[in-house]
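Novice: please work out how this folds:
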Amino acid sequence: MSAPDYQRLAGLFPTEVVTHSYVSDIELPGGAGTFALITLDNDVDHTRPTTLGPNTLLELGEVLDSLKARAGAGEIVGVGVTGKPHYLVAGADLSATQKLASYEDGLAMASLGHEVYGKLHTLGVPSFAFINGVALGGGLEIALQSQYRTVSTGAGALALPEAFIGLVPGWGGVYILPRLIGPENAVKVMIENPLSNNRTLSGPAAFKLGIADAMFEPADFVEQSLAWAARVIMGEEEVSRPNAADPAATPEAWDAAVAHGRAVVEARTSNAAPAPAKVLDLLEAGKNWTAEQSRDAECEALAELMQTPQFHSTVYAFLDLVQKRGKRPAGAPDKKLARPVSKVGVVGAGLMASQLALLFARQLKVPVVMTDIDQARVDKGVGYVHAEVDKLLAKKRISPDAANRTKALVSGSVSKEAFSDADFVIEAVFEELSVKKQVFAEVEAVVSPECILATNTSSLSVTEMAADLEHPERVVGFHFFNPVAVMPLLEIVRAPKTDDAVLATAFVLAKALKKTAVLVKDDAAFVVNRILGRMFGEITAVFDEGTDAATADNALRPMGLPMSPFTLLALVGLPVGQHVQESLHAAFGERFWLSKNSQKIIDAGIKSLWQKDEDGKPYIPAETLEMLDFGNTPSTSEEVLRRTQDALADEIGRMLDEGVVAGPEDIDLCMILGAGWPMHLGGITPYLDRVGASERVNGRKFHAEKEPAQTAS
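Specialist: Got it, this is the predicted structure:
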């Protein structure tokens, strides 16, 4: 591709925030010579991550050309790349990719990245990457394309997340990484982590895998990296890569890793999204390719995927919802109204309460006291927190000092008098309204008038909980999702009397806890559980009507949900699911099906409809089927899917009419972060628009003027 093509490409991005390539000449220790260090910096503070666009790449390419000339003249002995504080590079600017409206533009962008990164191999002197902070996608690929790498112990968020956002690691990552760290580890980084809520690697984890050759502490990271580079250049440092793999020597390992990756993709996406499969296609074929052959295939794959509906849907879901709306919650009061929280109380010491105590202690770093009805329960809850901290320490995710401090912050008591000086008390007791009302009455009797009372209820009325209190305005819903440490959503529930200061405090706390908060009205089950309840109701209803279990449970596979309805119900717990369904049935009537068969299974102590045979295949035991009653009106998979789509469109339409949230975008955000709704579908409401359910049921689309995933069909 010729230079004018790249210049035309750069012209499509007149507002690009360019990440500049600043060069410093450094005399290496030990008389090794002059080293040229490139620092990637967009001249903005840490609130604006460095990103990659065509203008950024063109500037980097020009700098590398000049350094190649200097290397040829003997002026420098090595070249390194590092970043501004906290970042190497946070990857390509996703919002800008939407400007690549044609296959040709996408191909040009992919080719430009390869051409520039390829210069790191042809400088005539060794190239190094000093990974000082966040390195995502193309940012990590800069490091992979360098010949040697160091990483800071303080570096966070190293990843190749392309499968998550609808692309492939197309600037060399899919070719280089498996050869550097082995195909099994590469599948973990390129497939398993992205499809597990976009999990990333820490600096130590990346070093352990072999992504980096050396690791140093943050305080003098660049200095130590330069000293290490000097030893490498002078032949005094032997670089060993024990995880490196040659596909020609270990083809079986390559094939096994690809097979494992395909099983992961099938389990987590039902193969409904093209990008993860394309990553594996490149990995599999790349076993026999040269780097140049892989480059051509990567560029073509990127250009193709950029034009898919799934990619455009993912950009909407990730950027417009998670990154933008998630950080500016609709309806949140001015944060200046928030009250300080210097001590937290947790009512209960069961599993959920213990998870909450750990989260508050780790993130807020304030004292947390747990209470329960007897000392044994209290001790068990505090013990759980300490054990979880020990696990984090063993995995080196926290330091010994941090572990000791966190443990010291969490205490327990059998008396609610321990809450007398608390600023925020959250209950996580049994999901029964009378129990929660009693708990709040007992807590209110001992706390200050300004203390906020929060409930982690998943379905009950916050208004009713507060009705008999002296200060009902202090009560707010604070609904976490399980597991608390992993799930990013927090539904903040405003009851009619909840005041702005309480609500503002809730939103500030949510941010401090690193959760994405959405404001919801106090209606039964709020957002996620209400929508899931309607979905579960339709699936259990068709099962009860006589549809075989496999058809009922697998009918929603085209949605690409992370797990089937019956599997999810078993994970949640059949009694818990039935209890929520009972609340929804009581609140909204017959449209929330309450299955008698489900109750029979629960009464029999059966934990899951499905069991596994010796080969791991699911089946329903004959004794389970014998206790159930079925109708004689079975449905096909297509009928179940359409029926469920229409039911979801109906329920969401009602929720928006009732003002449960500010708009359909909040429904989408809740389902993505609270239920694992697939990014490639672009949110549940655009999906229902595309399949026609919104118009079939409501007579209009949820996004009538401009669909977020407008290129989808």
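Novice: mind listing what residue 636 touches?
Specialist: When contacts are counted by CB atoms under 8 Å, 6 or more residues apart in numbering, residue 636 is found next to residue 551. (Glycine included, C-beta is placed from N, CA and C.)
Novice: next one: phi and psi at it?
Specialist: Main-chain dihedrals, residue 636, degrees, to the nearest 10: phi -80, psi 170.
Novice: any idea how far residue 427 is from it?
Specialist: From residue 636 over to residue 427 the distance is 45 Å, taken as CB to CB, to the nearest Å.
Novice: contacts only, for the nearest residue to residue 419 once chain neighbours are set aside.
Specialist: Once flanking residues are discounted, residue 419 sits nearest to residue 345: 4.0 Å by CB to CB, 6 or more residues apart in numbering. Residue 345 makes contact with 368-371, 416, 418-419, 422, 424-426, 443, 447, according to CB under 8 Å, 6+ apart.
Novice: which one in this protein is furthest away from the centre?
Specialist: Among the C-alpha atoms of the chain, the one farthest from their average position, using CA atoms, centre = their mean, is that of residue 73, at 47.8 Å.
Novice: ok, residue 325 - how many residues close by?
Specialist: A total of 19 residues lie near residue 325 under the criterion other CB atoms under 10 Å.
Novice: what of residue 98?
Specialist: Residue crowding around residue 98 was assessed by other CB under 10 Å; the count is 15.
Novice: did I read that right, residue 562 in a helix?
Specialist: No: according to DSSP: H, G, I helix; E, B strand; the rest coil, residue 562 belongs to no helix; its state is coil.
Novice: for it, list the residues it contacts.
Specialist: Contacts for residue 562 (CB under 8 Å, 6+ apart) come out as 268-269, 676, 678.
Novice: distance check, it against residue 569.
Specialist: Distance of residue 562 to residue 569, computed by CB to CB: 14 Å.
Novice: do the same with residue 239
Specialist: Here residue 239 is placed at a distance of 51 Å from residue 569 (CB to CB).
Novice: more neighbours, the two?
Specialist: Neighbour totals were compared for residue 239 and residue 569, and residue 569 leads with 24 against 12 (other CB under 10 Å).
Novice: for the strand or helix carrying that one, enumerate the helices and strands it packs against.
Specialist: Taking DSSP states H and E as the definition, one finds residue 569 inside helix 565-572. Contacts of helix 565-572 with other secondary structure elements, assessed using 3 or more CB pairs under 8 Å, 6 or more residues apart in numbering; DSSP states H and E, are made with helix 528-544, helix 549-554.
Novice: quickly compare these and say which is most buried.
Specialist: The highest average neighbour count among these, using mean count of other CB atoms under 10 Å, belongs to helix 528-544 at a mean of 24.
Novice: pLDDT score assigned to residue 482?
Specialist: pLDDT, the model's per-residue confidence, is 89 for residue 482.
Novice: residue 456 versus that one, what's the distance?
Specialist: According to CB to CB, residue 482 and residue 456 sit 10 Å apart.
Novice: tell me how many other residues crowd residue 501.
Specialist: As a burial measure, the neighbour count of residue 501 was computed by other CB under 10 Å and equals 18.
Novice: what about the residue lying closest to it once chain neighbours are set aside, distance to residue 499?
Specialist: In this structure, residue 501 finds its nearest non-sequential neighbour in residue 337, 4.8 Å apart by CB to CB, 6+ apart. As judged by CB to CB, residue 337 and residue 499 stand 9 Å apart.
Novice: residue closest to the middle of this protein?
Specialist: Nearest to the centroid of the C-alpha atoms of the chain, with distances taken as CA atoms, centre = their mean, sits residue 197, at 3.2 Å.
Novice: which non-adjacent residue is nearest that one?
Specialist: Distances taken as CB to CB, 6+ apart place residue 486 nearest to residue 197, at 6.6 Å, with adjacent residues excluded.
Novice: do residue 433 as well
Specialist: With CB to CB, 6+ apart as the measure, residue 460 is the residue that lies nearest to residue 433, at 5.3 Å, once sequence neighbours are left out.
Novice: residues contacting the residue lying closest to residue 678 once chain neighbours are set aside?
Specialist: Beyond its immediate neighbours in the sequence, the residue positioned closest to residue 678 (CB to CB, 6+ apart) is residue 560, lying 4.4 Å away. Contacts for residue 560 were tallied using CB under 8 Å, 6+ apart; they are 269-273, 678, 680-681.
Novice: among the residues you listed, which two are most distant?
Specialist: The widest separation within the contacts of residue 560, taken as CB to CB, falls between 271 and 681 and amounts to 13.7 Å.
Novice: which of the two has more neighbours?
Specialist: Neighbours were counted for residue 271 and for residue 681 using other CB under 10 Å; residue 681 has more, 28 against 14.
Novice: that one contacts residue 311, correct?
Specialist: No: with contacts counted by CB atoms under 8 Å, residue 681 stays clear of residue 311, the gap being 11.9 Å.
Novice: who does residue 489 form a beta bridge with?
Specialist: Beta-bridge partners for residue 489, by DSSP bridges, are residue 516.
Novice: give me the number of residues near it?
Specialist: 22.
Novice: next: residue 162.
Specialist: By the measure other CB under 10 Å, the count of residues near residue 162 is 29.
Novice: that one and residue 515, how far apart?
Specialist: Shown here: residue 162 relative to residue 515, a distance of 26 Å by CB to CB.
Novice: which residues of the stretch 501-650 of the chain fall in helices?
Specialist: Under the criterion DSSP state H, counting those that start in this stretch, helices of the stretch 501-650 of the chain are mapped to 528-544, 549-554, 565-572, 574-588, 596-603, 622-626, 637-658.
Novice: relative to residue 304, which of the ones you listed is closest?
Specialist: Using CB to CB as the criterion, the shortest distance between residue 304 and those is 27.3 Å, found for helix 637-658.
Novice: quick one: buried residues of that closest one?
Specialist: 637, 640-656 (16 or more other CB atoms under 10 Å).
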